[in-house]
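[1] Provided below for reference: sequence and predicted model.
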Amino acid sequence: MAFALSMDAFSVGLAIGMQEIRLKRIAFIGFVVGIFHVLMPFAGLLLGALLSDRIEEIALLAAGLLLCAIGLQMILQTFLQKKTPVLAPVGLGLLVFAFSVSLDSFSIGLSLGLSGIATVFAILLFGLFSMVFTWIALMISRRAHRLLGTYSEVIGGIILIFFGLQMWW
């Protein structure tokens, strides 16, 4: 389950990493994604009784919209030749990224308490796998950015839009 949940972080990390990101920032991004993959299922576990299916659907739609917006911003930034991205993986942009890729962990947390598995161990594995896979994705896309140049951000933007649309369906 931890492997499956980390695949969103990996695939979106590939897109985000198409921007020029330093190694120190990559380490921090992976850490934040890992923390979110621990906090979100824990929150889902605690708040599961209070949430309805409708609220979860609205949250997924909002996360999909955010991913599409970030992807579109990355594409436009390439053609407008701005040096500083509007929503980079720092500050609010990092929180949006970490939240959007850990939203599926929240829904898993809703049912985790009923499964009878070691909940704390499972949640810690979610965070560990997501952190490591985010690091791997960012390192791969960092190298791709060097090879593809400016157009790597267009590719990253298209990937983010694809995942945003996928969350809607």
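    Right, received. Where do you want to start? Treat the numbers as computed from the prediction; the structure is a model and nothing was measured.

[2] give me the helices and strands touching the helix or strand containing Met40, please.
    Using DSSP states H and E, Met40 falls within helix 23-47. Applying 3 or more Cβ pairs under 8 Å, 6 or more residues apart in numbering; DSSP states H and E, we find helix 23-47 packed against helix 2-16, helix 92-115, helix 119-148. No exception for glycine: its C-beta is placed from N, CA and C like everyone else's.

[3] deepest of the ones you listed, which one?
    Mean neighbour count (mean count of other Cβ atoms under 10 Å) peaks for helix 2-16 among those, with a mean of 22.

[4] by how many degrees do it and helix 23-47 diverge?
    140 degrees (axes from the mean of the first three to the mean of the last three Cα atoms, to 10 degrees).

[5] that older thread, can you list the helices and strands packed on helix 23-47 in CSV and add distance to Gln73 and mean pLDDT?
    Formatted as CSV, these follow (distance: least, Cβ to Cβ, whole Å; pLDDT from 0 to 100):
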stretch, distance to Gln73, mean pLDDT
helix 2-16, 12, 78
helix 92-115, 9, 72
helix 119-148, 17, 85
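
[6] among those helices, which is nearest Ile26?
    Minimum separation from Ile26 across those (Cβ to Cβ) falls at helix 119-148, 4.5 Å.

[7] that closest one packs against which elements?
    Against helix 119-148 (3+ Cβ pairs under 8 Å, 6+ apart) you get helix 2-16, helix 23-47, helix 92-115, helix 151-168.

[8] and of these, who's closest to Met131?
    Taking the helices and strands packed on helix 119-148 one by one with Cβ to Cβ, helix 23-47 is closest: 2.9 Å.

[9] ok now that closest one, how far from the chain's centre?
    Distance of helix 23-47 from the chain centroid (Cα atoms, centre = their mean, to the nearest Å) equals 9 Å.

[10] buried sites along it?
    For helix 23-47, a neighbour-count test (16 or more other Cβ atoms under 10 Å) marks 25-26, 29-30, 32-34, 36-45 as buried.
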